[in-house]
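**Q** I'll drop the sequence and a predicted model, then ask my questions.
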Amino acid sequence: MADTATASATGGSEPAIGRGLKGLLLVALPVFLVGWLIIYPIIAAIVSTLFVEATDGVQFSTASYRFFFSDPYSRANLALTLWTTGVCAVLLLLVGLPIALYLRFSTSRFADLVQSLAIFPMFVPSIILSYALIRTIGPNGTVDILLNAVGLPKIPSPYLTPWGPVIGLVWDNLPLTVLMLTAGLAGISNSAVEAARDVGAGPIRVFWHIILPRMGNSILVTISFTVLGIFSSFTLPYVLGPASPEMMGPFMLRTFNDLYDPLNAKTQAVISFVFCLFFGIFYVWSIARNQRSQSR
Amino acid sequence: MIRTYSSTSGRFDWTGLAFTILLAIVIAVPLLVVFTWAFTEVWRYPSVIPQKFGLRFWDQTLSRADVWEALSISLRLSATVTALSALICLPAAYAFARMKFPGRDLFFLSFLASHAFPKFGLLVAIAAIFLQLNLIATFWGVVLIQLVGTLMLMIWIPVAAFQAVDRRMEEAARDVGAGPLRVFWSITLPQAGPTIFAAVLLTFVSTFYETEGAWLIGAPQIRTMPVLMINFINNQVVIQYGAVLSVILWVPSFIALMFARRVIGTGAFAKGFGA
């Protein structure tokens, strides 16, 4: 990227300063939006939850955070969110990795079909998915109908239990997981795998010693991205999940919209930021590094 | 991905067949169920096939005033957000791809910020700001919050598109005397166009289905299609309303599927998310 920019800067007839100014002007608006609607609200949320207006002016106070962590309901919501995020991340890897490995090394005509199917959920909006899952795995849904038709007992429906959102979120996030893992696997050369096979390594040993060490980074990026998405997901947990405890997304919406309590909603938001901080930093860092290595 | 037929010519690909069948069941069955419900008049447990098919609920759904109102709001919102996003992001994308200016790399990476925080937390933080600006429950409040969500897609994908344009062709055109605008119009745009069009389309579709921001900022005055769907699901009026709406809502998504397949299939999309 830097190469092309340098070429255009030196190749253009205008002086470099004029071009630089023009470039800055062109990117000014979107960059301003990022500053005004992303960076500023986050800083404002942190500051305004820590410095609260009291009777004698603005004072430093951790009261809203102390309330969150002393309130059993808030703690239960946080615990449910962490549980859901963890279970989804593990399930997504367990499902996505075999598909990605298959797509990377398969040479058969099924590969295109598998890829199309795995990407398909990307084009199903989560609201339609929520509705579809209620009708499929909900009480007296299609799964129950089919089980009944072959003479088996009904399953305990995951609808309105913590497993409801897990099923929905795994379904919804499968395409990006598979795409990101496949992109990571594409960097592994065939010769490394073939060399290991030639000396007699089985598929599991090839995976463990050759493939896994080379794709560790892309697994971490994938996990970071899914964790960031799932931790504060809203639609699927709201529709498919239990009413109490609830995940952080629905919890924040209820605190903000129904209880008209922006202070506690902001506190919940900041707590979500803190819990996802590591994944956010890792995600940005690894993309920044990719960008830099591509531009060289 | 290069696939040669040689290595598996001897064996049947059972793994592939298993993946295909499993994925087809898990992914297709819930959607088929929705389609069946949309064309069903009576379906009582435990019958495997609906007792009575029919289009009665299409008439009923389409005669509801709230459905048309929500559709109109959703379309106006998506069109406004997409147009604004294209207007401010595409020139910026061109600048990022072609010009050198101070802070360029940092500004480019700053769009990642929208993906580096848990989304709903970010929305709540923005909503708190909008509360002071009296933007809650207004059309433009929803436009702004949805606009933020489109920035990264509308910058990163077009930047890649502009960078992929063959520079030699542009220079050749310039050598034979074409002005900068003419070069852009005749050389750059036709090459970058399809990818940019896919980005615009994806922005429109993802804005149309955006639920969280629309609800958090828009409630209760601005009720978009997805928010109306949630109401239908929660209040369980008639099961078919949700099914019919799903099938109708599916149309824009399906168009996007046809057009955006080339952008997404190439893995450019995954790269856009950092893989």
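**A** Yep, it's here.
**Q** Which single residue of chain B ends up nearest chain A?
**A** Per C-beta to the nearest C-beta, residue B:16 is where chain B lies closest to chain A, at 2.8 Å. C-beta coordinates here come from the backbone N, C-alpha and C atoms, glycine included.
**Q** Grab the nearest non-local neighbour of whichever residue of chain A sits closest to chain B.
**A** Residue nearest to chain B within chain A (C-beta to the nearest C-beta): residue A:110, separated by 2.8 Å. Among residues not flanking residue A:110 along the chain, residue B:16 sits closest, at 2.8 Å (C-beta to C-beta, 6 or more residues apart in numbering or on different chains).
**Q** Buried residues in the host helix or strand of the one you found, which are they?
**A** Assigned by DSSP states H and E, residue B:16 belongs to helix B:14-38. Of the residues in helix B:14-38, B:15-16, B:19-20, B:23, B:26-27, B:29-31, B:33-34, B:36-38 count as buried by neighbour count, 16 or more other C-beta atoms under 10 Å in any protein chain shown.
**Q** Domains in chain B, by residue range?
**A** Residue ranges for the domains of chain B, per automatic domain parsing: B:10-54, B:64-272.
**Q** Pick the most deeply packed of these.
**A** domain B:64-272 (a mean of 19; mean count of other C-beta atoms under 10 Å in any protein chain shown).
**Q** Where do the helices of the stretch 101-250 of chain B begin and end?
**A** Secondary structure of the stretch 101-250 of chain B by DSSP state H, counting those that start in this stretch: the helices cover B:104-110, B:113-116, B:119-133, B:139-163, B:167-175, B:180-183, B:189-209, B:212-218, B:225-235, B:239-265.
**Q** For the longest one, what does the pLDDT average out to?
**A** So that's helix B:239-265. Averaging pLDDT along helix B:239-265 yields 75.
**Q** elements contacting that helix?
**A** helix A:110-119, helix A:126-137, helix B:14-38, strand B:40-42, helix B:56-62, helix B:189-209, helix B:225-235 (3 or more C-beta pairs under 8 Å, 6 or more residues apart in numbering or on different chains; DSSP states H and E).
**Q** Would you pull up how far that helix lies from the middle of the chain?
**A** Centroid separation for helix B:239-265 versus its chain: 10 Å, with C-alpha atoms, centre = their mean, to the nearest Å.
**Q** ditto for stretch B:54-62
**A** 28 Å.
**Q** what residues does that stretch touch?
**A** B:38, B:39, B:40, B:41, B:67, B:238, B:240, B:241, B:243, B:244, B:245, B:248 (C-beta atoms under 8 Å, 6 or more residues apart in numbering or on different chains).
**Q** Could you find the closest non-adjacent residue to the first one?
**A** In this structure, residue B:38 finds its nearest non-sequential neighbour in residue B:243, 3.9 Å apart by C-beta to C-beta, 6+ apart.
**Q** Ok, residue A:31 next?
**A** In space, residue A:31 is closest to residue B:107, 5.0 Å off (C-beta to C-beta, 6+ apart).
**Q** And for residue A:115?
**A** residue A:103 (5.6 Å).
**Q** Over to residue B:24?
**A** Closest to residue B:24 by C-beta to C-beta, 6+ apart is residue A:117, at 6.0 Å.
**Q** show me the contacts for that neighbour.
**A** Taking C-beta under 8 Å, 6+ apart, one finds B:20, B:23, B:24, B:27 in contact with residue A:117.
**Q** for residue A:59, same thing?
**A** Applying C-beta under 8 Å, 6+ apart, the residues contacting residue A:59 are A:51, A:52, A:53.
**Q** Tell me which entries of those lie within strands.
**A** Counting by DSSP state E, these place A:51, A:52, A:53 in strands.
**Q** The first one: neighbouring residues, count only.
**A** Read that as residue A:51. 13 (other C-beta atoms under 10 Å in any protein chain shown).
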